[in-house]
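**Student:** Pasting the sequence and the predicted coordinates here, then a few questions.
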Amino acid sequence: MKNILTCILLLLAATSIYAQSYAYDNAGNRTARVITLPLRSAPAPTEAEAAPALSDLIAEKEILIYPNPTKGILTVDIKGYTNEMKAEFRLMDMSGKTIIDRKADSSSQTFDLSRQTAGIYLLQIRINGEAVVWKIIKE
C-alpha cells in the first residue's frame with residue numbers, strides 16, 4: 001500500500017513540473033522569485049471569440065454588436081432586417097450627450113468611434129417601438 005501511494009505521489013509531482021529562478025542583490029540577499037509554468041496548448045479562437053460580441057433579441061430580431069470593447073469601428077447586425085422595419089440607433093456618452101443618431105438603412109450598421117475618447121458609451125437600439133440599451137467600451 002505504501003508503495004502504491006509513493007508511485008501516485010511521484011506521478012502527480014511529475015505532471016506539475018515548473019521552473020523557478022531567483023534574483024539576488026549585491027549583498028547576496030534574495031529579492032525575487034520567478035515561477036514559470038509550462039503553457040498548455042489551447043484551441044484556436046473562433047471568429048466569435050476573436051471579436052467579442054453582444055447579442056440580444058429586439059422585436060423578435062436577433063441583434064449582434066461587435067467588437068466590444070472596440071478600438072474604433074463598432075458593427076451592429078440585425079438578423080432578418082427588412083426595409084419596412086423602423087430601426088433607430090443612438091450612441092450617447094455617459095453624460096447623456098448624443099454622439100450619433102441615425103436610422104437603419106441596411107441589416108449591418110457600422111459606427112466609427114475612432115475620434116471619440118476612450119471610455120464607456122451607451123448604444124440605444126429601437127426597433128418597431130421596442131428599445132434596448134447596451135454599454136459600449138471604447139479603448
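**Tutor:** The structure has been received and is ready for your questions.

**Student:** residue contacts, I125?
**Tutor:** I58, I63, V76, A87, E88, F89, A131, V132, V133, W134 (Cβ atoms under 8 Å, 6 or more residues apart in numbering). Where C-beta positions appear, they are placed from N, C-alpha and C, glycine not excepted.

**Student:** give me phi/psi at it?
**Tutor:** Main-chain dihedrals, I125, degrees, to the nearest 10: phi -120, psi 130.

**Student:** How much space separates it from A131?
**Tutor:** Using Cβ to Cβ, to the nearest Å, we find I125 at a distance of 7 Å from A131.

**Student:** okay, and the common contacts of these two?
**Tutor:** With Cβ under 8 Å, 6+ apart as the test, I125 and A131 both reach I58.

**Student:** Mind pulling up the pLDDT for S114?
**Tutor:** You'll see S114 listed with a pLDDT of 93.

**Student:** Looks to me like it is in a helix.
**Tutor:** No: with DSSP: H, G, I helix; E, B strand; the rest coil as the criterion, S114 is assigned coil and is not in a helix.

**Student:** Please tell me I have it right and it contacts I73.
**Tutor:** Yes: applying Cβ atoms under 8 Å, one finds S114 in contact with I73, separated by 7.2 Å.
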